[in-house]
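Peer 1: I would like the atomic coordinates for the input below:
(one chain, ligands or ions: 2)
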Amino acid sequence: MKIAVIGCGYLGAVHAAAMASLGYETIGVDVDEAKIERLRRGEPPFFEPGLPELLRAGVDAGTLRFTTDVAEAAGSDVVFVAVGTPQRAGSDAADLTYVDAAVESLLPHLAAGTLVAGKSTVPVGTAQRLADLIAPTGATLAWNPEFLREGFAVEDTLAPDRLVYGVADGDDAAVAALDAVYARILERGTDRLVVNYATAELVKVSANAFLATKISFINAMAELSESVGADVTQLADAIGLDARIGRRFLNAGLGFGGGCLPKDIRAFQARADELGHGETLGFLREVDRINLRRRDRMVALIERELERVGGDRVAMLGLAFKPNSDDVRDSPALDVSRRLQEGGRVVRAYDPEARETALRVVPGLEIVTSVADAVCGADVLALGTEWQEFRDLDPAALAGITDARVVVDGRNALDAAAWSAAGFRVIGLGRPEVAAA
Ligand SMILES: NC(=O)C1=CN([C@@H]2O[C@H](COP(=O)(O)OP(=O)(O)OC[C@H]3O[C@@H](n4cnc5c(N)ncnc54)[C@H](O)[C@@H]3O)[C@@H](O)[C@H]2O)C=CC1
Ligand SMILES: O=C(O)[C@H]1O[C@H](OP(=O)(O)OP(=O)(O)OC[C@H]2O[C@@H](n3ccc(=O)[nH]c3=O)[C@H](O)[C@@H]2O)[C@H](O)[C@@H](O)[C@@H]1O
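Peer 2: Ligands and ions are numbered 1, 2, ... in the order given. Predicted coordinates for the structure are as follows:
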């Protein structure tokens, strides 16, 4: 089987490498020359655990190739479309120009027997419009949304919780083609749901909306906890023990960021507005507002502590939007750092992987190459991303290299008792302050 993947960003590069690892002759296509050049050498253009090995294996075996020439997708059995659908400038809606351009560029290279499978996250109604566009070529369309998490992208792609196929009414050939692609995954008993286009599109955005709502729910509880002296982490443990609720995605803190949840809930709301259902999904605006207020709270707490000690130097640990990723798209940690810096504070940041990506977004930020460099000379320490490296820090050793005696834990990830025993005041989000012992 021959597979093409159009768009080799976070999703497409992982998908292409995964397809090659399943034994298919795979070609990855992207308009970004520099990205394709790196991928050709078997180097991922971003940090993702497990991806370097998968890419190199495919490239070395010759089963995985990369090109900027979309014509090389011709003759593929399945062409996955994995280009970006970012937030449109000046609006909450999704920018579909990349999806539209990718499908337009494919049209001359499609023929009967080819299945175009959309993987990008799109507003409901997009798949039908694209299916109509490609129909004259004889190719058909399926919408096969992706649920992978960055940091776990390889395992989520090769061992997903479920596969969803959105197909045109009665298009058994599309189902058969996708079943063939995913045969080795389905063999393991993975759930696979065959639905219509609109359902497939909605499954994707509603899953992300649900996850975002769960995070904002616990962050709303964090806001309340701060007023009444409750501890949101204990609250999350207690409600999470109810199997109907579950503990996952109840980590209160700086809130959600990244290239997906924030823009997806906004695009979903914008699409609902267009469809006359603005009120139905109105709660997503509140989810967004609660989320952004956590960043305000973090900035305010750091400012308060700087004032208290009469200093202006902050050590920010973490810049990526989450651990195990170098992605800083809409990163809460980077946003807080930028705002502190714009407010005249001196920020020294450290992140194990997101140095280059963060510098591209906030060029003036001082980003050092170790925790020690970040905390040395700081007045206040702050945790923005809960990398394991930060969880594993020895606070007693840190106390020997910094004069700071307060840490604002934006992810409620540090062992407050150990930090307090080492002489730090620990301020979490939604938790009572833990005094220095
Ligand atoms: N990043 C993630 O973890 C996940 C992303 N998604 C969805 O997948 C889609 C892609 O997301 P990312 O990979 O994060 O975006 P990205 O921005 O990292 O990658 C998009 C890629 O598409 C390329 N591209 C743009 N126009 C093109 C064209 N006409 N032809 C060929 N390539 C073109 C860009 O150069 C870029 O490399 C989005 O809809 C996103 O919501 C879904 C699940 C997970
Ligand atoms: O559509 C997408 O692109 C993807 O979006 C999310 O994946 P991802 O953005 O990689 O990361 P998550 O693990 O969902 O985390 C998102 C944000 O929420 C934050 N978060 C997560 C969990 C939690 O309890 N609290 C919390 O603040 C994280 O720090 C991070 O900033 C979804 O989890 C994936 O299923 C989906 O495929």
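Peer 1: Thr68 against Glu33, yeah?
Peer 2: Yes. Using C-beta atoms under 8 Å, Thr68 is in contact with Glu33, at 5.8 Å. Just so you know, the C-beta spots here come from the backbone N, C-alpha and C atoms, and that holds for glycine as well.
Peer 1: neighbour-wise, which of these two wins?
Peer 2: More crowded of Thr68 and Glu33, by other C-beta atoms under 10 Å: Thr68, with 14 against 9.
Peer 1: not counting its neighbours along the chain, what's nearest the more buried one?
Peer 2: Ile36 (5.3 Å; C-beta to C-beta, 6 or more residues apart in numbering).
Peer 1: and the next helix or strand past the host helix or strand of that neighbour?
Peer 2: Applying DSSP states H and E as the criterion places Ile36 in helix 33-40. Using DSSP H and E, the helix or strand that follows helix 33-40 in sequence is helix 51-61.
Peer 1: ok, residues contacting that next one?
Peer 2: Outside helix 51-61, the residues that touch it by C-beta atoms under 8 Å, 6 or more residues apart in numbering are 13-14, 16-18, 20-21, 26, 39-44, 64-65, 153-154.
Peer 1: quick check: buried residues in it?
Peer 2: Across helix 51-61, burial judged by 16 or more other C-beta atoms under 10 Å covers Leu51, Leu54, Leu55, Arg56, Gly58, Val59.
Peer 1: CA-only coordinates of that helix in PDB, if you can.
Peer 2: Presented in PDB, the C-alpha positions along helix 51-61 are these (Å, rounded to 0.1, in the frame of the first residue of the first chain):
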ATOM      1  CA  LEU A  51      10.000  10.100  17.000                       C
ATOM      2  CA  PRO A  52      13.700  10.300  16.100                       C
ATOM      3  CA  GLU A  53      14.000   6.500  16.200                       C
ATOM      4  CA  LEU A  54      10.800   5.900  14.200                       C
ATOM      5  CA  LEU A  55      11.800   8.500  11.500                       C
ATOM      6  CA  ARG A  56      15.300   7.200  11.100                       C
ATOM      7  CA  ALA A  57      14.100   3.600  10.800                       C
ATOM      8  CA  GLY A  58      11.800   4.600   7.900                       C
ATOM      9  CA  VAL A  59      14.300   6.900   6.200                       C
ATOM     10  CA  ASP A  60      17.100   4.400   6.400                       C
ATOM     11  CA  ALA A  61      14.900   1.600   5.100                       C
END
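Peer 1: grab the nearest non-local neighbour of the spatially most central residue of the chain.
Peer 2: Nearest to the mean C-alpha position of the chain, by C-alpha atoms, centre = their mean, lies Gly258 at 4.3 Å. Nearest residue to Gly258 in three dimensions, chain neighbours excluded: Phe321, at 4.2 Å (C-beta to C-beta, 6+ apart).
Peer 1: might you report the residue contacts of that neighbour?
Peer 2: 256-259, 327-334, 385.
Peer 1: how about Trp419, what does it touch?
Peer 2: Trp419 sits next to Pro395, Val407, Val426, Val434 when contact means C-beta under 8 Å, 6+ apart.
Peer 1: among these, who's most crowded?
Peer 2: Val407 (30 neighbours).
Peer 1: domain map for the protein?
Peer 2: Following automatic domain parsing, the chain resolves into domains at 2-194, 196-437.
Peer 1: now the ones you listed in TSV, with mean pLDDT?
Peer 2: Below are these laid out as TSV (pLDDT from 0 to 100):
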stretch	mean pLDDT
domain 2-194	97
domain 196-437	97
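Peer 1: would JSON lines of those domains with distance to ligand 2 be doable?
Peer 2: Formatted as JSON lines, these follow (distance: least, C-beta to the nearest ligand atom, whole Å):
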{"stretch": "domain 2-194", "distance to ligand 2": "4"}
{"stretch": "domain 196-437", "distance to ligand 2": "3"}
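Peer 1: right, so of those, which gets closest to ligand 1?
Peer 2: With C-beta to the nearest ligand atom as the criterion, ligand 1 lies closest to domain 2-194 of the domains of the chain, at 1.7 Å.
Peer 1: so does the closest one get close to ligand 1?
Peer 2: Yes. Legend: contact between domain 2-194 and ligand 1 by C-beta under 6 Å from any ligand atom is shown at 6-12, 29-32, 35, 82-85, 98, 101-102, 105, 120-121, 146, 148, 150.
Peer 1: whichever of those residues end up buried, select them in ChimeraX.
Peer 2: In ChimeraX syntax, the buried subset of the residues of domain 2-194 next to ligand 1 is picked out as below (16+ other C-beta under 10 Å):
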select :6,7,8,9,10,11,12,29,30,31,35,82,83,84,85,98,102,105,120,121,146,148,150
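Peer 1: centre of the chain versus stretch 338-353, how much separation?
Peer 2: Taking the mean of its C-alpha atoms, stretch 338-353 sits 22 Å from the chain's own mean (C-alpha atoms, centre = their mean, to the nearest Å).
Peer 1: ah, wrong one, I meant stretch 294-313
Peer 2: Relative to its chain's centre, stretch 294-313 lies at 27 Å (C-alpha atoms, centre = their mean).
Peer 1: list the contacts of that stretch.
Peer 2: With C-beta under 8 Å, 6+ apart as the test, stretch 294-313 has contacts from 219, 222-223, 226, 253-255, 314, 332, 335-336, 339-340, 343-348, 377-380, 382, 384, 404-406, 408, 410, 427, 429.
Peer 1: PyMOL command for the buried members of those residues?
Peer 2: The buried residues among these can be selected in PyMOL (16+ other C-beta under 10 Å) with this line:
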select buried, resi 219+222+223+226+253+254+255+314+332+335+336+339+340+345+346+347+348+378+379+380+382+384+404+405+406+408+410+427+429
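Peer 1: which helix runs longest in the chain?
Peer 2: With secondary structure taken from DSSP state H, the chain has its longest helix at helix 197-228.
Peer 1: before we move on, the earlier item: now do the contacts for the residue nearest to the centre of the chain.
Peer 2: Neighbouring residues of Gly258 by C-beta under 8 Å, 6+ apart: Glu150, Phe321, Lys322, Asp327, Arg329, Asp330, Ser331.
Peer 1: what's the nearest residue to the last one if we skip its chain neighbours?
Peer 2: Counting by C-beta to C-beta, 6+ apart, the nearest residue to Ser331 once its immediate chain neighbours are dropped is Phe321, at 3.9 Å.
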